[in-house]
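[1] sequence and predicted model, in that order:
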Amino acid sequence: MTMHQKKFRAIAEFLVVAICTLAFTLTLPGIIGSLIGHNAAGTRDFVEYWAAGRQLVHHANPYDGEALLRLERSVGFPSDLAAQVMANPPWVLPLVLPLGFLSPRTGLLLWSALLLASLVASVRMVWVMHGRPKTQVKFLGYTFAPALACLISGQVSIFLLLGLVLFLRLHRSRPFLAGISLWLCMLKPHLFLPFGAVLLVWVVTTKTYRVLAGTAAALAVTTAVAFILDPHAWARYRQMMLSARVDRMPIPCFSIQLRLHVWPHSLWLQYLPAVLGCAWALVYFRRYRDRWDWLTHGSLLMLVSVLVPPYTWFMDQVVVIPALLHGAYATRSRGLVALLALESAVIEIQGLLGVSALRSVLFLWTTPAWILWYLCATRRRDATKEPDADKVYQSELQLRQVLAE
């Protein structure tokens, strides 16, 4: 590399760092404001979880839009918006029940602390699984734009990230606990359709039934608790979903936009990407089944899973953090790592400019961008021959000891 190229590279890296730092610095007040601002609890997605918990405490319907709206209005929810109704299945009710015993502000602080702790723990576990590399790549996970959006809004999606990372961490050593951790992913099961299809086939082919047993046990317990809290929860949930029709809302995600722009009245078209994604996932698994590694091969699988759901929100992309960090740890290109940071900063800048991630199609580029970036970051590594990251690290340590001797 010539002196000219070195100077250009140094300037480019400085600009990327400056842009990313500025974007994060301007986003940080939004996170703080979501905690201490006036009526903060009533202006975030958190309010739907708090209101559902309050309904449960009073033995009322946690999916009743009118009752929820009254509760939400009482804590500052904007008067020009419709009720925020929790669209998660009834087995999630035990998770939100404790919020009903707390004031909105106390509940928000506790909820935000749990989300932040889940994010930090998830990123750190991914770092450990890659052999504790002495780089600053893990900060890409802490400052990832969808993760910051979850912290600002109080979105439950960060818990999905924690469940996924716990599974990656425990599926070999403690498969039953790994299965239990997948319960967190069931908070929004439609985000894991290709992932789930491969998981079921992997369980059968490897006879790792304890993973399935763990998930079934967790679902059984939480469903039973939900039944005790509200015996009519499933009927009420079904009624709410039929009336709300979340899958028909104009959400800026790939599947919905495909239907709206190709054949607006054919709902089946919205589910076609998920079907094709599952078919691709099974072919992909068949190709690598003899050396399947959830950290390596599961990364691309998860990226595709987030692209093809029948509906998904921008904040749900937080679950691709393990995949992107895997690519960042795999690549030797500092430019690609800088590009990932810059892409995340661009999203933050879009938000700062007032572009709504919940309504604007300008956010459609994000998931395809993550997939393309990951493919570029891992293009020089043969995934079929790549061993476990922990084994690579141990092998490198042994080699260094031999050379030192």
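    In hand now; what should we look at?
[2] low-confidence regions, the stretch 251-400 of the chain specifically.
    Within the stretch 251-400 of the chain, the stretches with pLDDT under 70 are 356-359, 380-400.
[3] quick one: average confidence on stretch 120-135?
    Looking at stretch 120-135 alone, the average pLDDT works out to 94.
[4] centroid-nearest residue for the chain?
    Centroid check for the chain by C-alpha atoms, centre = their mean gives Val319 as the closest residue, at 2.5 Å.
[5] buried stuff in the helix or strand Arg287 falls within?
    Arg287 belongs to helix 268-288 when elements are defined using DSSP states H and E. Within helix 268-288, the residues that qualify as buried by neighbour count (16 or more other C-beta atoms under 10 Å) are 269-274, 277-278, 281-282, 284-285. Heads up, the C-betas are built off the backbone N, CA and C, glycines and all.
[6] show me what that helix is packed up against.
    helix 193-206, helix 254-262, helix 297-307 (3 or more C-beta pairs under 8 Å, 6 or more residues apart in numbering; DSSP states H and E).
[7] just say which of those helices is most tucked in.
    Most buried of these by mean neighbour count (mean count of other C-beta atoms under 10 Å) is helix 297-307; its value is a mean of 23.
[8] now do that helix: everything it contacts.
    Residues from elsewhere that reach helix 297-307 (C-beta atoms under 8 Å, 6 or more residues apart in numbering): 164, 168, 191-195, 198, 254, 273, 277, 280-281, 284-285, 288, 312, 316-317, 319-320, 322-323, 326-327, 367-368, 370-371, 374-375, 383.
[9] quick one on the thing from earlier: make JSON lines out of the helices and strands packed on helix 268-288 and add distance to Val47.
    Listed next are the helices and strands packed on helix 268-288 as JSON lines, based on distance: least, C-beta to C-beta, whole Å:
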{"stretch": "helix 193-206", "distance to Val47": "29"}
{"stretch": "helix 254-262", "distance to Val47": "24"}
{"stretch": "helix 297-307", "distance to Val47": "25"}
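[10] so which of these is nearest Ile19?
    Comparing these by their distance to Ile19 (C-beta to C-beta), the top pick is helix 297-307, with 24.3 Å.
[11] is Arg332 in a helix, a strand, or coil?
    Secondary structure assignment for Arg332 (DSSP: H, G, I helix; E, B strand; the rest coil): coil.
[12] can you pull out the helices in the stretch 1-150 of the chain?
    3-36, 46-57, 65-74, 93-96, 104-129, 138-142, 145-153 (DSSP state H, counting those that start in this stretch).
[13] of those helices, which shows the lowest average pLDDT?
    By mean pLDDT, the lowest-scoring of those turns out to be helix 3-36, with a mean of 69.
[14] list the buried ones in stretch 130-146?
    Within stretch 130-146, the residues scored as buried using 16+ other C-beta under 10 Å are 130-131, 137-138, 140-146.
[15] sorry, back to before: dump the helices of the stretch 1-150 of the chain to a markdown table, plus distance to Arg174.
    As requested, these are arranged in a markdown table below (distance: least, C-beta to C-beta, whole Å):
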| stretch | distance to Arg174 |
| --- | --- |
| helix 3-36 | 33 |
| helix 46-57 | 29 |
| helix 65-74 | 38 |
| helix 93-96 | 22 |
| helix 104-129 | 13 |
| helix 138-142 | 23 |
| helix 145-153 | 26 |
